[in-house]
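>>> here is a sequence together with a model predicted from it:
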Amino acid sequence: MTPFTAKVIAVIQAIPEGRVMTYGGVARAAGSPRAARQVVRILHSMSQKHKLPWHRVINAKGRVALEDESGSVQKLYLLGEGITFEADGSVNLELFQFMPEPEQEPEDYFLPPLE
DNA sequence: AAGGTGACTGTCA
DNA sequence: CTGACAGCCACCT
């Protein structure tokens, strides 16, 4: 496991319940702004073993991945955490995106007030 | 070592 | 608004 991978995993595990992050957002928080696709790869291969809240990671358009398949379990998870979806099936990133400052370490992330 | 790949993203029409 | 395109980066073969 590379440092980058470890960082990404730490970031994802730090996403609080009821909030989401974009792939690019995770990449930025991990210190590699353009590595969104690598984040994808990590989720794809590590989500099982590391108990990652992968369902809290969505794309920049606010849509969940694989939403066409099997009714998208991901949406159900998110709904269960209080996240709401727009009429077009996307989540309001302005409202639910969790975007820590780049300087912060995952342990220092805090839960922004949700209003 | 070179080339392929992906649960992505920003830009432009 | 939607869709096509071309970068993108770290990892895998």
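Ah, there it is. Numbers count the residues shown, from 1 in each chain, chains lettered A, B, ... in the order given.

>>> A:Ser72 contacts A:Val64, doesn't it?
Yes. Taking contacts as Cβ atoms under 8 Å, A:Ser72 lies within contact range of A:Val64: 5.8 Å. Quick note: C-beta positions are derived from backbone N, CA and C, even for glycine.

>>> near DNA strand B, which residues of chain A show up?
Counting by Cβ under 7 Å from any atom of the strand, the residues of chain A lying close to DNA strand B are A:22-25, A:36-41, A:43-44, A:47, A:54-55, A:57, A:59-61, A:65-66, A:74.

>>> now, these that are in strands?
Using DSSP state E, the subset of these located in strands is A:22, A:57.

>>> quick check: the gap between the most far-flung residue of chain A relative to its centre and A:Ala65.
What lies farthest from the middle of chain A is A:Ala87; by Cα atoms, centre = their mean that is 21.0 Å. Applying Cβ to Cβ, to the nearest Å, the value for A:Ala87 to A:Ala65 is 20 Å.

>>> swap in A:Ala36?
12 Å.

>>> A:Thr22 now?
In this view, A:Thr22 and A:Ala65 are 11 Å apart by Cβ to Cβ.

>>> find residues that contact each of the two.
Both A:Thr22 and A:Ala65 are contacted by A:58-59, under the criterion Cβ atoms under 8 Å, 6 or more residues apart in numbering.

>>> that concludes my questions; thank you for your assistance.
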